[in-house]
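In: Would you be able to build a 3D model of this:
(one chain, ligands or ions: 1)
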Amino acid sequence: ILGGREARPHLRPHMASLQLDGEHICGGFLIAEQWVLSAACCLPCRDGKLFQVLLGAHSLTEPEPHKRLYRVRPGAAREPLLSPALPHCPQLEEKAELNEHVQVLPFQREQRDVAAGTVCEVAGWGTVTHSGRRPDRLQQVERPVLSRDECNHRTRHDHSITPNMMCTDSRKRDTCKGDSGGPLVCNGVAEAVVTAGSRVCGNYKKPGIYTRIAPYAAWIDRVMGALSG
Ligand SMILES: NCc1cccc(Nc2n[nH]c3ncnc(Nc4cccc(O)c4)c23)c1
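Out: Numbering: from 1, shown residues only. Down below sits the predicted model:
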């Protein structure tokens, strides 16, 4: 997160850090006791290693009472990933133990776009500087939603933003490397998932891009229903 600040500890008990060999790779969030929603960049296994999911954390390194690392089941169901922007839904090996620091976050199921100008918030352990410094503690930033028409302007994302995507203003304050997969939360509901898109950070010419969740609600329900137990 560029231009943000340290999040109030444990105010986002739904936040997940998807890790490989103990390293934070991308964000995600708990949508059910045994299911995490993230971005395709966080495939359950990358070069053969299985991701692990850190829940209940504020600091990535310091011991914290409710912090716990969960393994994911291999080959979690995914429709053929047509595009990196598709959400990804790894299943934890066991149900997460819910408490004040580990909670599920409801996601948007109504197909209506979030109104342009709505101030939403996004959090993550992604890089906090252009030189790529990685924070130890969860960062957050508030961002206003940019209309799809504005975002599709030829000087911005030039008509590449589909109805399944949404944008936020990226002037100075923005998501960056390692924030992919985290939730964009508007009025307490997860509306979308951070995707890297053009991978540019903090440049107002390239607004932050997110995959909206509502279009995938039925798919998520199928994946969770079909594979539970
Ligand atoms: N703001 C959109 C967004 C959301 C999520 C991730 C991303 N960027 C990136 N995703 N993956 C990446 N691998 C390498 N570099 C990257 N961006 C980068 C790094 C240093 C300086 C800078 O200006 C941009 C990214 C960008």
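In: Could you list the residues of the chain in contact with the ligand?
Out: Contact residues (C-beta under 6 Å from any ligand atom) of the chain with the ligand: 130, 132, 170, 174-177, 179-180, 194, 196-197, 199-201, 208. For the C-beta atoms, the positions are set from N, CA and C on the backbone; glycine is no exception.
In: Sort out which of those are buried, if you could.
Out: Of the members of the residues of the chain next to the ligand, the ones counted as buried by neighbours, 16 or more other C-beta atoms under 10 Å, are Ser170, Asp174, Thr175, Cys176, Lys177, Asp179, Ser180, Val194, Ala196, Gly197, Cys201, Gly208.
In: Mind pulling up the pLDDT for the closest residue to the second one other than its chain neighbours?
Out: The one in question is Asp174. Spatial nearest neighbour of Asp174, excluding adjacent residues (C-beta to C-beta, 6 or more residues apart in numbering): Gly202 at 4.5 Å. On the pLDDT scale, Gly202 is placed at 98.
In: separation between Gly202 and Asp221?
Out: According to C-beta to C-beta, to the nearest Å, Gly202 stands 36 Å off from Asp221.
In: if you count what's nearby, which of the two comes out ahead?
Out: Shown here are Gly202 and Asp221; by other C-beta atoms under 10 Å, Gly202 has more neighbours (18 against 12).
In: which residues sit in contact with the more buried one?
Out: If you count contacts by C-beta atoms under 8 Å, 6 or more residues apart in numbering, Gly202 has them with Leu2, Gly3, His130, Ser170, Arg171, Lys172, Arg173, Asp174, Cys176.
In: quick one: what helix or strand has the nearest residue to the last one once chain neighbours are set aside in it?
Out: Counting by C-beta to C-beta, 6+ apart, Cys201 is the residue found nearest to Cys176 once chain neighbours are left out, at 3.6 Å. No secondary structure element spans Cys201, as it lies outside all helices and strands (assigned by DSSP states H and E).
In: Where does pLDDT dip in the chain?
Out: 41-46, 75-86, 227-229 (pLDDT under 70).
In: Identify the single longest strand in it, thanks.
Out: Criterion DSSP state E: the longest strand present in the chain is strand 23-32.
In: Go through that one and flag the buried ones.
Out: His24, Ile25, Cys26, Gly27, Gly28, Phe29, Leu30, Ile31, Ala32.
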